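# Let's see this in three dimensions:
(4 chains)
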2 protein chains.
Amino acid sequence: MPVNSSASTKERILTAAESLFAQRGFEGASLRQLTAAAGVNLAAVNYHFGSKDNLVEEVFKRRLDQLNARRLAALKVVAGQPETTLEDVLAAFIRPALDLSHDGGGGLFMRVLARAFAEHDDSLRKFLSDNYGHVMRQFTAEFARLLPQLSKEELYWRIDLVTGALTHAMSGFGMIQRKSDVSELTHREQTASHLIRFAAAGLSHP
Amino acid sequence: MPVNSSASTKERILTAAESLFAQRGFEGASLRQLTAAAGVNLAAVNYHFGSKDNLVEEVFKRRLDQLNARRLAALKVVAGQPETTLEDVLAAFIRPALDLSHDGGGGLFMRVLARAFAEHDDSLRKFLSDNYGHVMRQFTAEFARLLPQLSKEELYWRIDLVTGALTHAMSGFGMIQRKSDVSELTHREQTASHLIRFAAAGLSHP
DNA sequence: CGTATGCTCAAACGATCGTTTGATTTCATC
DNA sequence: GATGAAATCAAACGATCGTTTGAGCATACG
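Below you'll find the predicted structure:
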């Protein structure tokens, strides 16, 4: 019977990979840098994950599964309700991502996700579409319900632009840094407020 | 005395590099793929540009100098005028980028620029800041004039989000593709309209 | 205890990377 | 046509890449 004392090694590889992929890109981060940072042997990646490409996918899966679940759970609470506002739906989309940066230890994951969007690699895009598309589809349906005056084309345009803004902001390029005189929780709340108000304005403007 | 018959070779390298950098990234595109696509010898890159890093910078300079000049010229027309609207300033920022995709042959350049934003490489970010920052500063000043009700912090937030949306959209991830029944010029006009209205809403919402 | 299984390790594999070299070709100028 | 600088070329450089190998170590089970 298999012994699972390797959980620690796999996790350490995933965490180091997430950090290095965010910092240097998927091609830029070598397995030698990666395994050195994780404190494991070079061959451990191919032993546990089969290949570097599989490792990339596992890095996504670990966070994305959790992120998708939280987003869909939050959406389910408000979807279809007559009193639901646009801001409610946007909060269901945005808050889980911000929370991930805080409690998941995955503060760098959104940056990795932004990199994946910038990569035009077909297999990576297909993987993201397979593991991410159904979430976007459900949110899009709810947006369509709340914005019936918009044509399908107009709605897709606006969602695309909102996605770009949020990806950019949450990957932390910008000047989003907490001031020392506000708590982490307060800062996260302010960030969420900015993103939600901006996205709502972009989606619903006349 | 130097003979400048190399202009063709340099240009072909720059064009091939722009295309491959957009497609496979700066690290992902090798000099062998690049020179093969350009139809030149492998050693030509190091002969004409010194190194691959210098080539990357030259790819940016070629388009960025032109883009900056056009944006600043368009801004100069409307800046400080009492009747200038937010949409006017946004048009001065957005239209030159869309035009570049059309007449400059640099349809892929905005994608390269988006990749550069996703890269967190320090030297590349410094280069972009040096060659791009003064333009953003001038536009920011004009935005501040037209949106006096916003605090500095609020304005920076919104500009950052708008930048993310525009970078995302103009690099062409989205579903922005021309329908066969509209002309190229009409399509560009519609795209500009979408971007400008979205950005105006995001900047000026209450 | 013996052994089988999961795991780690140093070492090497072939491939590809950016760069350099030195010979050869091109071409304006005399 | 001869000359010399600029440009191009095939070939090779050392370094680094992802991956594989086979021996050694750990531990659970008969």
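
# tell me which helix or strand of chain A sits lowest on mean pLDDT?
helix A:109-118 (a mean of 87; mean pLDDT, DSSP states H and E).

# can you give me the helices for chain A?
A:7-24, A:31-38, A:44-49, A:52-78, A:86-103, A:109-118, A:122-146, A:152-170, A:184-204 (DSSP state H).

# can you tell if the least confident helix or strand of chain A touches chain B?
Yes: against chain B, helix A:109-118 shows contacts by CB under 8 Å from any CB of the partner chain at A:111, A:114-115, A:117-118. For every residue, glycine as well, the C-beta is placed using N, CA and C.

# among the helices of chain A, which is nearest residue B:98?
In terms of CB to CB, the element of these nearest to residue B:98 is helix A:152-170, at 14.3 Å.

# Can I get the closest one as CSV, trimmed to CA atoms?
Provided in CSV are the C-alpha atoms of helix A:152-170 (Å, rounded to 0.1, in the frame of the first residue of the first chain):
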residue,chain,number,x,y,z
LYS,A,152,-25.5,40.4,-26.5
GLU,A,153,-22.6,42.0,-28.4
GLU,A,154,-22.6,45.1,-26.2
LEU,A,155,-22.6,42.9,-23.0
TYR,A,156,-19.7,40.7,-24.2
TRP,A,157,-17.7,43.8,-25.0
ARG,A,158,-18.3,45.2,-21.5
ILE,A,159,-17.6,42.0,-19.7
ASP,A,160,-14.4,41.6,-21.7
LEU,A,161,-13.3,45.1,-20.7
VAL,A,162,-14.2,44.5,-17.0
THR,A,163,-12.3,41.2,-17.1
GLY,A,164,-9.2,43.0,-18.4
ALA,A,165,-9.4,45.7,-15.7
LEU,A,166,-9.9,43.2,-12.9
THR,A,167,-7.1,40.8,-14.1
HIS,A,168,-4.8,43.8,-14.3
ALA,A,169,-5.7,45.1,-10.9
MET,A,170,-5.7,41.9,-9.0
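
# thinking again about what came up before, could you redo the helices of chain A as CSV and give each row mean neighbour count?
Converted to CSV, the helices of chain A look like this (neighbours: other CB atoms under 10 Å in any protein chain shown):
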stretch, mean neighbour count
helix A:7-24, 19
helix A:31-38, 17
helix A:44-49, 17
helix A:52-78, 17
helix A:86-103, 19
helix A:109-118, 23
helix A:122-146, 14
helix A:152-170, 21
helix A:184-204, 18
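
# my guess is residue A:114 meets residue A:169, correct?
No: using CB atoms under 8 Å as the test, residue A:114 is too far from residue A:169 to be in contact (9.6 Å).

# can you list the domains in chain A?
A:1-50, A:60-204 (automatic domain parsing).

# wait, which of those is closest to residue B:33?
Closest to residue B:33 of the domains of chain A, according to CB to CB: domain A:1-50, at 13.2 Å.

# where does residue A:1 land on pLDDT?
Looking at residue A:1, its pLDDT is 34.

# what's the answer for the one 5 residues further on, then?
Note on residue A:6: pLDDT of 40.

# For the spatially most central residue of chain A, give me its contacts.
Nearest residue to the geometric centre of chain A (CA atoms, centre = their mean): residue A:110, 4.6 Å. Going by CB atoms under 8 Å, 6 or more residues apart in numbering or on different chains, residue A:110 touches A:97, A:100-101, A:167, A:170-172.

# Not including adjacent chain positions, what is the nearest residue to residue A:17?
Counting by CB to CB, 6 or more residues apart in numbering or on different chains, residue A:17 lies nearest to residue A:59, which is 5.1 Å off, once chain neighbours are set aside.

# quick one: that neighbour and residue A:111 touch, right?
No: Residue A:59 is beyond contact range of residue A:111, at 11.8 Å (criterion: CB under 8 Å).

# Grab the nearest non-local neighbour of residue A:118.
Nearest non-adjacent residue to residue A:118, counting by CB to CB, 6+ apart: residue B:118, 3.8 Å away.

# Surely that neighbour touches residue A:113?
No: with contact defined as CB under 8 Å, residue B:118 and residue A:113 do not form a contacting pair (10.5 Å).

# Find residues that contact each of those two.
Shared contacts of residue B:118 and residue A:113, defined by CB under 8 Å, 6+ apart, comprise residue A:171.

# Tell me the residues of chain A that contact DNA strand D?
Near DNA strand D, the residues belonging to chain A are A:1, A:3, A:5, A:29-33, A:42-43, A:45-46, A:51-53 when assessed by CB under 7 Å from any atom of the strand.

# Tell me the one of these nearest DNA strand C?
Lowest distance from DNA strand C to those (CB to the nearest atom of the strand) belongs to residue A:43, with 3.7 Å.

# For the closest one, give me the pLDDT.
You'll see residue A:43 listed with a pLDDT of 97.

# what does the one 5 residues further on give?
Residue A:48 is assigned a pLDDT of 97 by the prediction.

# What of the one 3 residues further on?
Here, the pLDDT recorded for residue A:51 equals 97.

# ditto for the one 4 residues further on
In the predicted model, residue A:55 carries a pLDDT score of 97.

# Just confirm it contacts residue A:38, I think it does.
No: the criterion here is CB under 8 Å, and residue A:55 misses it with residue A:38 at 11.0 Å.

# Name the residues contacting each of those two.
The contact sets of residue A:55 and residue A:38 overlap at A:13, A:17 (CB under 8 Å, 6+ apart).

# do you know how far residue A:8 is from residue A:34?
Residue A:8 is 16 Å from residue A:34, where distance means CB to CB, to the nearest Å.

# How about residue A:189?
According to CB to CB, residue A:189 stands 35 Å off from residue A:34.

# and if you look at residue A:20?
To residue A:34, residue A:20 is 5 Å away according to CB to CB.

# now swap in residue A:13 and tell me
Distance of residue A:13 to residue A:34, computed by CB to CB: 7 Å.

# Need the residues touching each of these two.
Taking CB under 8 Å, 6+ apart as the criterion, residue A:13 and residue A:34 both touch residue A:45.

# Surely residue A:171 is in contact with residue A:114?
Yes: here residue A:171 reaches residue A:114: they are 3.5 Å apart, a contact under CB under 8 Å.

# Just give the nearest non-adjacent residue to residue A:20, would you?
In space, residue A:20 is closest to residue A:29, 3.8 Å off (CB to CB, 6+ apart).

# where does that neighbour fall, phi/psi-wise?
phi -90, psi 120 (degrees, to the nearest 10).

# ok, it - contacts?
Here residue A:29 is in contact with A:17, A:20-21, A:23 (criterion: CB under 8 Å, 6+ apart).

# Perfect, I'm done here.
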